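[1] Sequence and predicted structure, then a few things I'm wondering about:
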Amino acid sequence: MTNAAARRGACVRALGTYSPAAVRTNQDLARMVETSDEWIVRRTGIRERRIAAEHEYTSDLCTAATRDLLDRAGVAPDDVELVIAGTTTPDYAFPSVAAMVQDRLGMTRAGAVDIQATCAGFAYGLHLANGLVSSGVHERVVVVVGETLSKVMDYADRATCILFGDGAGAALVEAATPGRFRASVVGADGSGGPHLYRTGLSRRIEGEAAGTLAPGLVRQNGREVFRWAVETVSRSVCRLLERARLTADTLDWFVPHSANVRITEAVCERTGIPLDRTLSSIERCGNTSAASIPLALAPAIADGRLRPGQTVLLYGFGGGLVHAGQILEWGPAGATAHT
Ligand code: COA
């Protein structure tokens, strides 16, 4: 083992998820707006999404996902030092979702902070947690991501409201020697903000027509976001592979943010990653923003496709416009792909 390989780092030791019970199919949506199952499946790959109950908010979804995580990991709430919550649909401006999760699960020793990185929230959360754990600041950090996007859709905008769904996921990032993260990148293009945003209360975004928008709803220029996502994710995936000194064919799994199956297909074509090595939650959950990557990972863990030691490339991208990703060996320290 080289010195570099033996350095302290971090691993993702376990994953938890939560999906609301109610299912909204494309046929259900076709009764709400002028659309069809055929159009939605062909243009996006989505068949259904989960919808939070009226009384269910992002903090509830995130609490349930974190409880699932701690149960699976066999970790006591008091062993967690920091909760990082990634969401673009928090219950309140404050208190933070992270503080609500910390309280409800009795994590009496943990700090709590929300991050706003839209659909890249999980990858940004892992980037921060990996840094904090690898540097020795913390031993154990929970990254929890959740969204109740169904509550902030404009149901007059059929090109947008058909895309999004609700859900949550959580990861336990823990010290590991050697570290399991092979590379981690972040990036942003704030000039693209007007292409995908949630209307604010204080100031109109550039180009927004005066007085036409209710506050708090998602607006997007789907074509621009599509084009940006394909170019940015393809370029960044190559950068991550270079940093990790890996090639596309050595990846076991590619898990891009589940936004649209056609974005994933285009990125795979450009990067040479085989489409059958991708994991996605798009078909059953729709676009769940920050939660889409853990919701794609969980079923693959459950059915044995994703195993400890396998090499996984995660990539999140979304409103901001922001993006982030990692290459990591899946699972706790010491696990190998063939055990
Ligand atoms: N049902 C039926 N027709 C619809 C529709 C719907 N839900 N939404 C839009 N259309 C129509 C449009 O009105 C338009 O009709 P026209 O040609 O008669 O004017 C036609 O379909 C094409 O519209 P367009 O907006 O060009 O469609 P598109 O092929 O770009 O698909 C998206 C729209 C939103 C699915 C696509 O742009 C997309 O997925 N973009 C990325 C969005 C995304 O992933 N955002 C989140 C990133 S984190």
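    Structure received. Computed from a predicted structure; not experimentally measured.

[2] ok, now which ones touch the residue in the stretch 101-250 of the chain that the ligand sits nearest to?
    At 2.8 Å from the ligand, Gly222 is the closest residue in the stretch 101-250 of the chain, using Cβ to the nearest ligand atom. Just so you know, the C-beta spots here come from the backbone N, C-alpha and C atoms, and that holds for glycine as well. Shown in contact with Gly222 (Cβ atoms under 8 Å, 6 or more residues apart in numbering): Ala159, Thr160.

[3] shift numbering so it begins at 453
    In the new count, where the first residue is 453, that last one comes out as Gly674.

[4] Check the gap between it and Gly588 for me.
    Separation of Gly674 from Gly588 (Cβ to Cβ, to the nearest Å): 44 Å.

[5] where does the residue nearest the centre of the chain land on pLDDT?
    In the chain, the C-alpha nearest the mean C-alpha coordinate belongs to Ala742, at 3.3 Å (Cα atoms, centre = their mean). For Ala742, the pLDDT comes out at 98.

[6] go on, the one 3 residues further on?
    Ile745 carries a pLDDT value of 98.

[7] Arg722 reaches Ser686, doesn't it?
    Yes. Counting by Cβ atoms under 8 Å, Arg722 touches Ser686, with 4.0 Å between them.

[8] which of those two has more neighbours?
    Ranked by neighbour count (other Cβ atoms under 10 Å), Arg722 and Ser686 place Ser686 first, with 19 against 15.

[9] Now name the helix or strand holding the more buried one.
    helix 674-695 (DSSP states H and E).

[10] Can you tell me, leaving aside adjacent residues, what's nearest to whichever residue of the stretch 453-602 of the chain sits closest to the ligand?
    At 3.3 Å from the ligand, Thr487 is the closest residue in the stretch 453-602 of the chain, using Cβ to the nearest ligand atom. Using Cβ to Cβ, 6 or more residues apart in numbering and skipping residues adjacent in sequence, the residue nearest Thr487 is Arg610, 5.3 Å away.

[11] Likewise for Ala620?
    In space, Ala620 is closest to Gly598, 3.2 Å off (Cβ to Cβ, 6+ apart).

[12] ok, now Thr723?
    Of all residues not flanking Thr723 in the chain, Val689 sits nearest, at 4.9 Å (Cβ to Cβ, 6+ apart).

[13] Can you give me the neighbour number for the one you found?
    Number of residues near Val689 (other Cβ under 10 Å) recorded here: 25.

[14] Give me the distance between it and Gly577.
    19 Å.

[15] ditto for Arg556
    Distance from Arg556 to Gly577, by Cβ to Cβ: 19 Å.

[16] Could you do Phe769 as well?
    From Phe769 to Gly577 the distance is 14 Å (Cβ to Cβ).

[17] now do Ala627
    17 Å.

[18] higher neighbour count, these two?
    Gly577 (27 against 18).

[19] residues in contact with the more buried one?
    Counted by Cβ under 8 Å, 6+ apart, Gly577 has contacts Ile536, Gly538, Ile567, Ala569, Val595, Val596, Val597, Ala623.

[20] Backbone dihedrals for the first one, both of them.
    As for Ile536, its main-chain torsions (degrees, to the nearest 10) stand at phi -110, psi 120.

[21] Gly573 too?
    Torsion angles, degrees, to the nearest 10, at Gly573: phi -60, psi -40.

[22] With Asn712 as the reference, measure out to it.
    Gly573 sits 18 Å away from Asn712, going by Cβ to Cβ.

[23] Among the two, which residue is more densely surrounded?
    Higher neighbour count among Gly573 and Asn712: Gly573, with 32 against 23, using other Cβ under 10 Å.

[24] Can you pull out the low-pLDDT segments for the stretch 453-602 of the chain?
    Scanning the stretch 453-602 of the chain for pLDDT under 70 picks out the ranges 453-458.

[25] what about the strands in it?
    461-470, 474-477, 500-503, 534-538, 563-567, 592-600 (DSSP state E, counting those that start in this stretch).

[26] thinking Asn673 is in contact with Tyr649, fair?
    No. Assessed by Cβ under 8 Å, Asn673 is found out of contact with Tyr649, at 9.9 Å.

[27] Settle it for me: which of those two has more neighbours?
    Neighbours were counted for Asn673 and for Tyr649 using other Cβ under 10 Å; Tyr649 has more, 20 against 17.

[28] so that one touches Gly771, yeah?
    Yes. Using Cβ under 8 Å, Tyr649 is in contact with Gly771, at 5.9 Å.
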